[in-house]
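Asks: A predicted structure for the sequence below; I have some questions about it.
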Amino acid sequence: MKLTKVLSLATIACIGLVSTASAEIKLSEAEMKKATQVYFDRCAGCHGMLRKGALGPSLVAEKSKSMGTETLKYIINNGTPGGMPGWGKTGELTAEETELMAKYIQVKAPQPPEKSMADMKKSHKVLIPVKDRPTAPEAKNWKDYFAVILRDVGQIAIVDGVTKDVVSVVPSGFATHITRTGASGRYMYVIGRDGKASVIDLWMKVPKNVAEIRTCNDARAIDTSKHHDFKDKYAVVGCYWPPSIVTLDADTLAPLKIVSTASYTYDTQEYTREARVAAIIASHDKPEWVINVKETGQVWLYDYSNVKNPKITMVDAERYLHDGGWDLSKRYFMTAANAKNIISVIDTKEGKLVANIPSQGNKPHPGRGVNVDSKQYGPIWGTGHIGSNDIVFIGTDPVNHAKNAWKVVKKIALPGKGGGNLFIKGHPNSPYIFADRPVNPDRKLQTQLYVIDKETLEVVKTLPIPAKYLTSAFTADGKEVKSRGPVHFEFNADGSEVWTSIWGNKLKASPILVFDSKTLKLKSVIDDKRLITPTGKFNVTNTMTDTY
């Protein structure tokens, strides 16, 4: 639920929604409980557990009251051009839930619960002991498996990248955000937005969860130890609430260490209790995790070599750090402070900030971003934007291409108006970069793939998704709910194929479309009734090697 400044009071007045301050709103205990859960599920990621804002603006009660219930209902139902989904239009919220949420954000936010080591241990389960797991792979294609997030049903589908068969569907936490493999690729680690971490053994003939734990109440990030001295030894979860870093044993997910991230902002030195971990990436060269602490504007270089006494280097960058990935050399962490329209560059070898680069667009959202070894510019890294149609490429080689380093060397515009891009992805063996636009309000723009040539860095083709693959369903009250457009990309292990999901809803299964990454022809459609709300896809080989 990301309210933006795009809808001005004048705009709202034109549609007849400006209202005087609302009368005092009172919700029953049952209504508060339900609304708190909906807010946690749909809204907290952008607006914060305490409603103080980040990617989305503040929703503190005083501000929301000034807008009034009818205005808030309209925005929650329809979304905004700046990237907020229309939760009513997409079917995630009923009319009654939309009105409840419009009222809920006008009352004081409840205090979210904390979580201790004792709480974690109560939820910890080793479902299959290490001694009972396979000692060798039982399936030959496991390094080309895809973990597909079935977002709204709390499941992960494991799909064979060669046969295109769904080999397993395993339970996960709510609205899984990402999955990550260990350094060897054997285990797939999963984190739900409800803080539930689980690990899937891909060596099994039918992959299953072998351990699980509830590390926190809200989370987005998980990764593993990839340094050769600690290969597959630790896993780490980054929590939104309580704001913290939790280190786990990689085989069993037994909790080992909690470190609070509540701290002071890098610039004004104001204390913020809400200092969420938004992204984690594992160094291949050091026993170190690179960790974004969103509200403080710091990137933490977390040395896990002594897990009980970790060393942390705090690098000041920019506030509201969100996602990001490695440059081509895997030395520099390129990360988006998307509420500030900044790309921060962290030199993980020297442990310092290299540059804060204006992204020249509105709300950069790279995912991991895309890497290209350009003939014209040298190594470059690219990102799209949620709030504008800009794709930008930044030079990342200060030695051999110094004149292009740490600046936007190329900016292109996706066709049509508005943003809506969530992910951009490439592979060394494909001549193209692929971009999506699933949250653009224009249905035509939302349901296309955008193909960028690596040499010219221009959009050379748009691929409209055939209508027969864009699912729709009807709610119990007869309302038609259409799928969003295609979302997220992942390549198979050799880069010959690129996969994208049709982002549907819980009422009906949606397919995964497989394109030839060179000819751009549709090769396969994975249409399985178990694929409910498929979104992110993570190939084992590409994830373990950080190939993008």
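Replies: Arrived safely, thanks for sending.

Asks: Now for this structure, the helix or strand with the poorest mean pLDDT.
Replies: Here the helix or strand of the chain ranked lowest by mean pLDDT, DSSP states H and E is helix 9-14, holding a mean of 35.

Asks: Alpha carbons of stretch 488-501, as CSV, please.
Replies: These are the backbone C-alpha positions of stretch 488-501, laid out as CSV (Å, rounded to 0.1, in the frame of the first residue of the first chain):
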residue,chain,number,x,y,z
HIS,A,488,10.7,-11.0,-12.9
PHE,A,489,13.2,-12.8,-15.1
GLU,A,490,15.6,-15.7,-14.7
PHE,A,491,17.8,-17.5,-17.1
ASN,A,492,18.5,-21.2,-17.2
ALA,A,493,22.0,-22.3,-16.3
ASP,A,494,23.5,-21.9,-19.8
GLY,A,495,21.7,-18.6,-20.5
SER,A,496,19.9,-20.0,-23.6
GLU,A,497,16.4,-19.4,-22.1
VAL,A,498,14.8,-16.6,-20.1
TRP,A,499,11.8,-17.3,-17.9
THR,A,500,9.1,-14.9,-16.8
SER,A,501,5.9,-15.3,-14.7
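
Asks: buried set for stretch 281-294?
Replies: 281-284, 286-294 (16 or more other C-beta atoms under 10 Å). For glycine as for every other residue, the C-beta is placed from the backbone atoms N, C-alpha and C.

Asks: If you could redo that for stretch 232-245, that was the one I meant.
Replies: Of the residues in stretch 232-245, those buried (16+ other C-beta under 10 Å) are 232-245.

Asks: do the same with stretch 208-228
Replies: Those would be 208-227, for stretch 208-228 by 16+ other C-beta under 10 Å.

Asks: Okay, and which of these map to strands?
Replies: Mapping the buried residues of stretch 208-228 onto strands (DSSP state E) picks out 208-214, 218-224.

Asks: the helices in the stretch 1-150 of the chain, which residues?
Replies: Along the stretch 1-150 of the chain, counting by DSSP state H, counting those that start in this stretch, helices occupy 9-14, 29-42, 44-47, 61-67, 69-78, 95-104, 117-123.

Asks: out of these, nearest to T462?
Replies: Checking the helices of the stretch 1-150 of the chain against T462 by C-beta to C-beta gives helix 69-78 as the closest, at 25.5 Å.

Asks: Surely D229 is within a strand?
Replies: No. The assignment for D229, made by DSSP: H, G, I helix; E, B strand; the rest coil, is helix rather than a strand.

Asks: The nearest residue to it once chain neighbours are set aside and P464: what is the separation?
Replies: Nearest non-adjacent residue to D229, counting by C-beta to C-beta, 6 or more residues apart in numbering: P287, 6.3 Å away. Here the criterion is C-beta to C-beta, to the nearest Å. By it, P287 lies 47 Å from P464.

Asks: Can you give me the domain assignment for this structure?
Replies: Structural domains annotated on the chain: 9-104, 144-149+175-185+218-545, as defined by automatic domain parsing.

Asks: Point out the most buried one among these.
Replies: Most buried of the domains of the chain, by mean neighbour count (mean count of other C-beta atoms under 10 Å): domain 144-149+175-185+218-545, with a mean of 20.

Asks: Tell me the span between the first and last residue of it.
Replies: This stretch, domain 144-149+175-185+218-545, spans 13 Å end to end (C-alpha to C-alpha, to the nearest Å).

Asks: same thing with stretch 110-121?
Replies: For stretch 110-121, the separation between the terminal residues is 26 Å (C-alpha to C-alpha).

Asks: Name the surrounding residues that touch that stretch.
Replies: 32, 36, 49-50, 195, 213-218, 241-242, 246, 255, 258 (C-beta atoms under 8 Å, 6 or more residues apart in numbering).

Asks: okay, among these, which ones form the most distant pair?
Replies: Greatest spacing in the contacts of stretch 110-121, by C-beta to C-beta: M32 and P255 (30.6 Å).

Asks: How about D303, nearest residue that isn't a chain neighbour?
Replies: Closest to D303 by C-beta to C-beta, 6+ apart is K311, at 4.1 Å.

Asks: and the gap between the one you found and P255?
Replies: K311 is 20 Å from P255, where distance means C-beta to C-beta.

Asks: What of L202?
Replies: For L202, the distance to P255 - C-beta to C-beta - is 23 Å.

Asks: so can I have JSON lines of the domains of the chain showing distance to V167?
Replies: Converted to JSON lines, the domains of the chain look like this (distance: least, C-beta to C-beta, whole Å):
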{"stretch": "domain 9-104", "distance to V167": "29"}
{"stretch": "domain 144-149+175-185+218-545", "distance to V167": "7"}
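
Asks: Confidence-wise, which of those is weakest overall?
Replies: Lowest mean pLDDT within the domains of the chain: domain 9-104, at a mean of 75.

Asks: Grab the nearest non-local neighbour of V299.
Replies: Excluding its sequence neighbours, the residue lying closest to V299 (C-beta to C-beta, 6+ apart) is V315, at 4.6 Å.
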